[in-house]
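> I'd like to go over a predicted model; first the sequence, then the structure.
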Amino acid sequence: MSDPYLMLGVASDADDAAIHAAWLAAVKACPPERDAHRFEQVRTAFDTIRTRKQRLAYELFDTRPPCGEDILDRAAPEQRLQRPDPALIKALLRGAD
Amino acid sequence: MLAHKTLETGHFRDAVNHFKALLKIENKAEWQQGLSAAYQGRARELQTKGMLKEALAIWQNRAQFCPDAAPDPEHIFVLLHTGKIAEALQRFRTIESSLDSQTTARLRGTLAALHLAGTEGLDQWLTDDDAVIVHGAAARNALHAWCRGNDDEAAALLANIPFRSPYRDWVQVLKALMKAATDPATAASQLQRIADNSPFAAVARAVTLALLPGSEFLTGFEQADDSTRRAAAALRGWSDTRLKLWHELQRAGKNPKAKQLAYLLNRYRQPLGEDWVQQHGLCLLIDGFPRSLKRSPLLAEQGPTPFQYVLVRAWHVEAKHDGPEDIFHAWQAVIEHLQRPADPAPGSDNAVRIALIQRRLANTWNLLTYRPYHWDEEPLAEWVEQGLERSLHYDPDDQPTHLQLIKHYRDNDRLKDARRVLDLTLARWPNAVAVLSEALETAVASNAHKKAAGFARHVLDLDPINSRARDSLLDAHLAHARKQIGKQRADLTEKELQLAAEWVRGEPAEIKLELVRGFLLLTITDRNAGIASLRTLVSRLGSGIAAQLALTLEAARHQQDPHYILKQLGLKQIKTPEKTDLLAFFSKLREVLDANIDMPPPLLPYFSATLQRAAILKLSALEFEVICETLRRCQLDSVREAYARAALQLAPGQPVFELHAFEARHGDMYWDVTDAEFDRLEAAEEKASTTGDNRTAQRIRHTLSLCAAPPSAFDLPPDIPEEVRDLVDQKGIEGLMEALIERITPGANEFDDDIDSPPFLPRRKPVKPQRKKSGGDDATDTDSDQLDFFE
């Protein structure tokens, strides 16, 4: 994911405090020993927009096009691990599409 | 034979046809077995591909056409999964006693999975006391409890299912699902224990996929089958919109074109949000700028705003890697826009944006140190420097820029400017170690040793283990002590030396201090004691050229000639140093060069002869290279050439030594480079490029370009008349050539009236500008031509 705001789950006008709080929450949710890859992504996102100056620099100089993950997460964010309808599991057990 | 061969090579469909044809000829048992094996192979092949209906048809053919063939449990699996429960169970019961325990467990597991899935009609074929029925209720209820979010109830139900139950793998899957949200790593490792051919493996795969981190999940999701995808998407909380959007992105491909993405963003404008689309869509307009702006669906009907236009243009110029001037002007346009309608207040968003752009030009594009290739290029470095200064007005809290400017001015010997920025910086951050360190460096560069000592003390108060400050403080006290020696103030020198002694750590620092003390004795207090003390120090340093360098360097700081001090101490010039001594000498020399310590002109020439003789020592290629680099830095070119040639004996054709030998021979004057030398350097460049030594290749290319470049008046031989020099200065070498051509062209009689004509040039003399030939009669001819030509 290339959009640090989406990665941290904060609004594009979030201030330093909101971003710091989101960072702490993200670290708590996925500490490096549990999900090193995601932790690294979250850390990179935090380092990109942690201060106002960094946010202005990101807005001015980041020219990476939005990736598929960004577009998906922005348009229709996924919820972390949902409980599906039992019918979906049963379909898998039946082995039929 | 052909049928058997086809069967052995796994071409089952062909094998079926061959055996069928053979059986039409004669119903031989061998061919019956072959047909059975071919059907079996083909059915399993289709089964692996998930083509269950097609596989079932083959199994049915096998049962019909090979009635004597042994029943295959895979046939039963296919029957079960295609809903032919009665037939499956009938076949199962027929062969149950002959099956191994693993196959039986797998078949019963499949029955359990189908029972759990609610497969109609299954119950009637199983007895009430069958484990599939007995444990089935708990298994199903546990699934429903988990789906409702009631993990405790699910866990309690699973506890009722014994280990040897056909639902054993299901228990593992559900337990992993319960851990998925809180401990995905454990859940994933639990799921790994489910065998690939387990009847519950499909669920395990879907859950494993759902547990993958973002980008990995998307990759796995793309490769999964539909039912796995649906379950994984549901587990991840994907909405219908998300799934639909995912399908659209799939259609766009892995690396969609900017235009495709722009249309996609436009279609999903509402869920994505207008601001987000505007911000993230802008970079999709870089390609094809400015046409991209006109047609983009992302922009309003009236087109881009002025800010959008200048910003995308700056991005476009950067992306194209246009020249530094274009990049500078493109960003300057953005700055000008940000300054409208009024210059923004310092610290405001627009002010910080301007400061960020100015810093980007200086740092990302290195324009602060940009050196133009042509005299008529714009003074970008100067403008960027002004911009960087101005950035401190817009964003005064940026400490790195303050430090950068101080260092920039100091490195360029603009100490007044360095101190001006330093004063501002110190006022803002009086106790920042980084700022105080810069203050220390600037004070040292300004020879303000007392000030330097003060800053060093301040740094050490804040950071007691700062070795750089400790060394600087020692150096500052020693420098001050030397000043006092110059003023013949032994008392004040002693005082400074005592202060310096407090900061001495290790032998090199101690020797530095003792050297100054030795000169105090020698110069003021007690000459004999001074000589004895300095002799002891030379002995401690090994009595070689490294020791003599340390001594003569210190002498130079006391304005003493190297020959004189060595004579006073009765030290003779070393004929040929030992290898360790030689390496220590160059190590010390590098230290001096790194510290930008001034060396008096007679110092290094004193060692030249000794160093040149030492080029015969057996050194490694790396040692030769380091020595050549050091000699290049201190411009001892004749010595460098000796080492480069010695290295070429060791490693013939080694590009880096070819370069050193060439540079050392010609310095900056390339007008007398021979063709042979030029060719040899070209070959070295090719070799460096081929072997991946890009740095050397680059350096050689630069030198070659200088050789090939038209000469300026500076490059001309010293005996060239002033008029020629003026012409080359004014019009370049092309101007000179044009004048020459006019002079030698018949009918150019009006030539003498031309104010640019060079009257000193001989008329109608063939001009053949070329490099001097190396050796032979040709060389003599060319030389004489050139002499005539310039005389």
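Structure received. Numbers count the residues shown, from 1 in each chain, chains lettered A, B, ... in the order given.
> For the rest of this, base every contact and every neighbour count on C-alpha atoms.
Will do.
> Residues of the stretch 201-350 of chain B that sit close to chain A?
B:202-203, B:210, B:213-215, B:226-228, B:230-231, B:234-239, B:241-242, B:245-246, B:249, B:258, B:265, B:268, B:271-273, B:279-281, B:283-284, B:311, B:315, B:349 (CA under 8 Å from any CA of the partner chain).
> can you rerun that using 7 Å?
By CA under 7 Å from any CA of the partner chain, the part of the stretch 201-350 of chain B that sits against chain A consists of B:202-203, B:213, B:226-228, B:231, B:234-239, B:241-242, B:245-246, B:249, B:271-272, B:280, B:283-284.
> What subset of the residues you listed is buried?
B:202-203, B:227-228, B:231, B:234-238, B:242, B:245-246, B:249, B:271-272, B:280, B:283-284 (16 or more other CA atoms under 10 Å in any protein chain shown).
> following the helix or strand hosting B:K495, which helix or strand shows up next?
Assigned by DSSP states H and E, B:K495 belongs to helix B:490-501. Moving toward the C-terminus from helix B:490-501, the next helix or strand (DSSP H and E) is helix B:507-520.
> contacts for that following helix?
Residues outside helix B:507-520 that contact it (CA atoms under 7 Å, 6 or more residues apart in numbering or on different chains): B:478, B:485, B:504, B:530, B:533-534.
> for stretch A:38-49, same thing?
A:4, A:7-8, A:23, A:27, A:30-32, A:54-55, B:213.
> Can you flag which of the residues of the stretch 201-350 of chain B next to chain A belong to helices?
Among these, DSSP state H puts B:202-203, B:226-228, B:231, B:234-235, B:241-242, B:245-246, B:249, B:271-272, B:280 in helices.
> Of these, which is the nearest to B:R540?
Nearest to B:R540 among these: B:H280, at 67.9 Å, using CA to CA.
> Tell me if I'm right that the closest one and A:R64 touch.
No: here B:H280 lies out of contact with A:R64, judged by CA atoms under 7 Å, at a distance of 8.4 Å.
> Test for you: state the pLDDT assigned to the closest residue in space to B:W365 that isn't next to it in sequence.
Spatially, and ignoring its direct neighbours in sequence, B:W365 is nearest to B:P324 (7.6 Å; CA to CA, 6 or more residues apart in numbering or on different chains). Each residue has a pLDDT score; the one for B:P324 is 85.
> One more: A:A29?
pLDDT, A:A29: 81.
> how far away is it from chain B?
9 Å (CA to the nearest CA, to the nearest Å).
> Measure how buried that residue is and give me the count.
13 (other CA atoms under 10 Å in any protein chain shown).
> Tell me which helix or strand comes right after the host helix or strand of B:S587.
B:S587 is located in helix B:579-594, with elements delineated by DSSP H and E. Using DSSP H and E, the helix or strand that follows helix B:579-594 in sequence is helix B:603-614.
> Can you spell out which helices and strands pack onto that next one?
helix B:637-650 (3 or more CA pairs under 7 Å, 6 or more residues apart in numbering or on different chains; DSSP states H and E).
> what's the helix it packs on packed up against?
By 3+ CA pairs under 7 Å, 6+ apart, helix B:637-650 packs against helix B:603-614, helix B:621-633, helix B:655-666.
> Of the contacts of helix B:507-520, which belong to strands?
Of those, none are assigned to strands by DSSP state E.
> Can you lay out those as JSON lines showing neighbour count and pLDDT?
Converted to JSON lines, those look like this (neighbours: other CA atoms under 10 Å in any protein chain shown; pLDDT from 0 to 100):
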{"residue": "B:L478", "neighbour count": "25", "pLDDT": "91"}
{"residue": "B:I485", "neighbour count": "23", "pLDDT": "93"}
{"residue": "B:V504", "neighbour count": "18", "pLDDT": "87"}
{"residue": "B:G530", "neighbour count": "22", "pLDDT": "92"}
{"residue": "B:S533", "neighbour count": "20", "pLDDT": "93"}
{"residue": "B:L534", "neighbour count": "23", "pLDDT": "93"}
